[in-house]
Each structure stands twice: as structure tokens, then as C-alpha cells.
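Chemist: I would like to see how this sequence folds:
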Amino acid sequence: LEIRNAKKTPGKLEIFVMSQCPFGVIAENAIIESLRDGLIDKKTKVEINYIVESRRDSTGKIIFNSLHGEAEWQENARQVYIAKKYPEKFFPYLSERNKNYNQPEWKIAAEKVGIKPEEIEKNFEEAKKMLEENSKKASSLGISTSPTFLVDSRLMVVGLGELKKIPGYEKVVSGQTATGSCAK
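Modeler: Just a heads-up that it's a prediction; the model follows:
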């Protein structure tokens, strides 16, 4: 699907996921591994966006609704925070966290890559605001399926199989063979 009137941004790959969607996790891992192994141009700017509903209640409190529950939106918020505050540690965190993405113990992954969990906990309200802002992009594009890819800011495809049909992404590989998606 080509996004009309979108400004083309060559070399940009955006991934829209739910942090506890098995297909989103497989996609993240595949992209991280493919970048590392030179199967995707190393200059590719990869950005991860999260699929989550957000709104404000009458008191201004942010309310999230995520397909896989409260633990998922909380992990989405942590990941947005890490991506912004520790960009060089974000992919290492994802690689570590995705080994046990559906388990509650995220602190082990953070510590393994040199991030103090207390820092994230102390700034969780800021992380929630970051997630609220991040989620607007998926919502504005009508994206509700994890994983969805936006290539060069103009071409939208759902799933790794479709991404691999696009020039420059044919060699994306994954040690996991599951195909599919989660849709809200």
C-alpha cells in the first residue's frame, strides 16, 4: 500500500509492533539480526513505533488499551523510553528482552545491557507520555496489525514475508519461521 502525499524518506524503515506480539518480536529480531549481519544496508534508519490505544480521562490521566494487556503497554512505554534516552542500548535491550518478552522480568534484560531499572521506574510517567506521543503515528496511519512496516515513509506492508518482497529487504532472515500477525 503506497501512502499518498507522504514525503519519501529513503533508507528509513519503520516497524509498528505490539511488544508482546510473537510476530512483532520475530520481526524486530529479524531486522536487528539482518542489520548486524549486513543483510540490510547498515545505513538504514530503523524506528520502532507501538500499536496501542491511548486517551486521557477527565482528570488528564493517560489511559492505555493494548491487545495483550497492561503488561504490554507498560513494556511499550519502557521501550520508547530506552529508545529515546539510551539509543545505543535500545537494540541490545530488545535482543535480550525478546528472549522472554512475555515474562514480567524486564529488569534482567535492562541490567544485562547496562541500563539501571530504577532509572526507568523513576521516569515511568515520562515514558507513558512518550508512548502516548509515539502511538499517534500508528493511529494516524490506521495501523492496527503487528508487525507492519513502513518503507521509506511511503510503502506500507504487513508481515516479514511482504517486507522481503521489497528491494533491499529480500535477504532479511529470521531464525524463527512463524508467520502471521496480531491485530487489534
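Chemist: following the longest helix along the chain, which helix or strand shows up next?
Modeler: Secondary structure of the chain per DSSP state H: the longest helix is helix 124-141. Following helix 124-141 in sequence order, the next helix or strand is strand 145-146 (DSSP states H and E).
Chemist: pull up the pairing partners for the next helix or strand after that next one, direction included.
Modeler: Next along the chain after strand 145-146, taking DSSP H and E as the criterion, comes strand 148-151. Next to strand 148-151 in the sheet, as set by DSSP bridges, lie strand 12-17 (antiparallel), strand 155-158 (antiparallel).
Chemist: what residues does the first one touch?
Modeler: When contacts are taken as Cβ atoms under 8 Å, 6 or more residues apart in numbering, the neighbours of strand 12-17 outside the stretch itself are 24-25, 27-28, 31, 40, 44-51, 137-138, 141, 143, 145-153, 169. For the C-beta atoms, the positions are set from N, CA and C on the backbone; glycine is no exception.
Chemist: wasn't Glu119 part of a helix?
Modeler: Yes. Per DSSP: H, G, I helix; E, B strand; the rest coil, Glu119 lies within a helix segment.
Chemist: dump the residue contacts of it.
Modeler: Glu119 neighbours (Cβ under 8 Å, 6+ apart): Lys85.
Chemist: likewise Lys137?
Modeler: Contacts for Lys137 (Cβ under 8 Å, 6+ apart) come out as Glu14, Phe16, Asn49.
Chemist: quick one: pLDDT of it?
Modeler: Note on Lys137: pLDDT of 90.
Chemist: Ile48 versus that one, what's the distance?
Modeler: Distance, Lys137 to Ile48, using Cβ to Cβ, to the nearest Å: 11 Å.
Chemist: now Ile40
Modeler: Taking Cβ to Cβ, one finds Ile40 at 15 Å from Ile48.
Chemist: repeat that for Phe149.
Modeler: For Phe149 relative to Ile48 (Cβ to Cβ), the value is 11 Å.
Chemist: how much space separates the residue positioned nearest the centre of the chain from Asn5?
Modeler: For the chain, Ile48 is the residue whose C-alpha lies nearest the centre (Cα atoms, centre = their mean; 3.7 Å). Per Cβ to Cβ, Ile48 is found 24 Å from Asn5.
Chemist: just Gly11 next, same as before
Modeler: For Gly11 relative to Asn5 (Cβ to Cβ), the value is 20 Å.
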